[in-house]
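K.L.:
sequence plus predicted model, see below.
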Amino acid sequence: MFKYLQREPTEDKMGVPDPEAIKQFQLLMEEVDESLKKTFENVHQGYPNETFVRFLKARDWNVGKAHKMLVDCLQWRIDSEIDNILGKPIIPTDLYRAVRDSQLLGLSGYSKEGLPVIAIGVGLSTYDKASVNYYVQSHIQMNEYRDRVVLPAATKKYGKYIGTCVKVLDMTGLRLSALNHIKLLTVISTIDDLNYPEKTDTYYIVNAPYIFSACWKVVKPLLQERTRRKIQVLQGCGKDELLKIMDYSSLPHFCRKQGSGSSRNSENGHTSNCFLLDHAFHQELYNFVKQQAIRTECVAPIKQGSFHVNFPDPNPEDAEIAKTIESEFHKYGNHNGLTKSLSGLRFNGS
């Protein structure tokens, strides 16, 4: 077994994965416990080799490190019962609506290549309507629904494997109060980095105010080159650039018109705001979770309360980035004669 940990295969010059690295990974995974193999099925959804490649990329093609990362991920899934999270609705509905209104993200459509377009309202998300546990639960549920339902459906529809998405991040409304969310966002980011690596093809930043530009200058050098290549900061609402990769119907609502921002709710009488619970995507997601819950209710009745997940410690790189962002925000605030203290986040209770 240890011989597989010595060699560090890489992609070739054309970006094609080294089949030997994948083979080594396969052999290592054959030796793990059956419980890990079972939860791995929910991760790979019938495409184990493509999943190996994701974890290999995340660990710079070091097979030993990628294997440890995947095993740790699978153990986290077992310990936190992630396989069951799509059967744990956030109830009552008014609470879930409050989460949706303060944690702005949703599916606006698909790119011309078939990749799901995930819209995120970074600047206007307040995360102040529920405890941290609910926001983490909601985020993981969206990850799992994307990986178990949305991506497999896209793969079938487009007749080719689709395992990643594109994300459009709206910075409208970004201000110093965003410092209140640093701890929560670091938790979510760490969960994604460790357990859902390489699921985003490109990040598009739109409607970026000056405060973002100032932070980006100092944060960009701290990012790994692999991550930097994925990030594109677009001018204004980014409409013209985004229409090169997606149809107008898939544009997030905040990109359809200059200055529209994340608060725009409707267009031609329809709910175009994919952040809202009334949007078709969130209706499908929430109904799916409730249906899954009904199927398992005979075993364990549905209980009100958040689904508690083990929070991983942030890696040093994420911690450094968070510290840098906080420092830059404070510099910006002091420069403008503003002060803002960090308010405590609620990790317990409803």
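P.N.:
Structure's in. What do you need?

K.L.:
what backbone torsions are found at residue 105?
P.N.:
phi -160, psi 150 (degrees, to the nearest 10).

K.L.:
what residues are up against the residue nearest to it when sequence neighbours are not counted?
P.N.:
Distance criterion CB to CB, 6 or more residues apart in numbering; nearest residue to residue 105, sequence neighbours excluded, is residue 120 at 4.6 Å. Backbone N, C-alpha and C define where each C-beta goes, glycine included. For residue 120, the contact set (CB atoms under 8 Å, 6 or more residues apart in numbering) comprises 104, 105, 167, 168, 169, 170.

K.L.:
same thing but 10 Å
P.N.:
103-106, 167-171, 203, 252, 262, 275 (CB atoms under 10 Å, 6 or more residues apart in numbering).

K.L.:
okay if I get those as CSV plus neighbour count and pLDDT?
P.N.:
Shown next, in CSV, are those (neighbours: other CB atoms under 10 Å; pLDDT from 0 to 100):
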residue, neighbour count, pLDDT
103, 25, 97
104, 24, 97
105, 19, 97
106, 23, 98
167, 22, 98
168, 26, 98
169, 24, 97
170, 30, 97
171, 24, 94
203, 16, 97
252, 33, 97
262, 23, 53
275, 29, 97
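
K.L.:
of those, which is the nearest to residue 238?
P.N.:
residue 168 (7.2 Å; CB to CB).

K.L.:
surely the closest one is within a strand?
P.N.:
Yes. Per DSSP: H, G, I helix; E, B strand; the rest coil, residue 168 lies within a strand segment.

K.L.:
I'd say it and residue 231 touch.
P.N.:
No. Residue 168 is beyond contact range of residue 231, at 11.8 Å (criterion: CB atoms under 10 Å).

K.L.:
what sits in contact with each of those two?
P.N.:
202, 203, 204, 205.

K.L.:
turn these into CSV, including distance to residue 227 and secondary structure.
P.N.:
As requested, these are exported to CSV (distance: CB to CB, whole Å; DSSP: H, G, I helix; E, B strand; the rest coil):
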residue, distance to residue 227, secondary structure
202, 11, strand
203, 9, strand
204, 14, strand
205, 13, strand
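
K.L.:
thinking again about what came up before, if I look at the residue nearest to residue 105, how far off is residue 133?
P.N.:
From residue 120 across to residue 133, the span is 20 Å (CB to CB, to the nearest Å).

K.L.:
swap in residue 21?
P.N.:
Distance from residue 21 to residue 133, by CB to CB: 37 Å.

K.L.:
repeat for residue 110
P.N.:
Taken as CB to CB, the span from residue 110 to residue 133 is 31 Å.

K.L.:
before we move on, what about residue 190?
P.N.:
15 Å.

K.L.:
what do you get for residue 75?
P.N.:
20 Å.

K.L.:
with residue 275 instead?
P.N.:
Counting by CB to CB, the gap from residue 275 to residue 133 is 20 Å.

K.L.:
ok, now which ones touch residue 123?
P.N.:
104, 169-175, 177-178, 207-209, 211-212, 254, 261-262.

K.L.:
ramachandran angles for residue 106?
P.N.:
The phi/psi pair for residue 106 (degrees, to the nearest 10) is phi -180, psi 180.

K.L.:
who's in contact with it?
P.N.:
100, 117-121, 142, 252-253, 273-277, 279-282, 285.
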